[in-house]
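Peer 1: This is the structure alone, sequence omitted:
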């Protein structure tokens with residue numbers, strides 16, 4: 001019985017470590033100078049603004065791993081949600097949001 005409990009605890013700990021090591025997790029500086037936190041939520045990652053006039057608002061939900069992610073991003077001023085992709089390279093996060101996959105805009109956020 002102790003072996004089963006130990007194995008379950010080890011599996012849970014390794015899952016937590018895998019999330020912590022993903023390059024997307026952390027705090028990022030938006031183009032407007034606000035802080036956005038990206039953290040595990042559900043089976044993916046959520047983006048929540050930590051500063052600025054929209055502090056506390058969740059503005060994104062993405063799935064993926066190893067520096068490449070797909071999901072939805074919301075413009076908090078316009079209250080519109082777009083299909084998006086994120087890529088992480090070193091301490092830079094490149095975000096791309098598109099309307100109908102035709103009209104796209106990109107931003108690059110540095111890690112804080």
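Peer 2: Received it, and whenever you're ready, just let me know what you need. Keep in mind it's a predicted model, so treat the numbers as computed, not measured.
Peer 1: By mean pLDDT, point me to the weakest helix or strand of the protein.
Peer 2: For the chain, the helix or strand with the lowest mean confidence is helix 2-21, at a mean of 45 (criterion: mean pLDDT, DSSP states H and E).
Peer 1: Centre of the chain to the helix or strand that it is followed by, how far?
Peer 2: Once the chain leaves helix 2-21, the next helix or strand it forms, by DSSP states H and E, is strand 26-29. Using CA atoms, centre = their mean, to the nearest Å, the distance from the centre of strand 26-29 to the centre of the chain it belongs to is 9 Å.
Peer 1: in its sheet, what does the helix or strand just after strand 26-29 sit against?
Peer 2: Next helix or strand after strand 26-29 toward the C-terminus (DSSP H and E): strand 35-41. Sheet partners assigned to strand 35-41 using DSSP bridges are listed as strand 26-29 (antiparallel), strand 44-49 (antiparallel).
Peer 1: In CSV, list those strands along with mean neighbour count and distance to residue 109.
Peer 2: C-beta here means a position set from N, CA and C on the backbone, and glycine is covered the same way. Output for the strands paired with strand 35-41, formatted as CSV (neighbours: other CB atoms under 10 Å; distance: least, CB to CB, whole Å):
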stretch, mean neighbour count, distance to residue 109
strand 26-29, 17, 4
strand 44-49, 20, 10
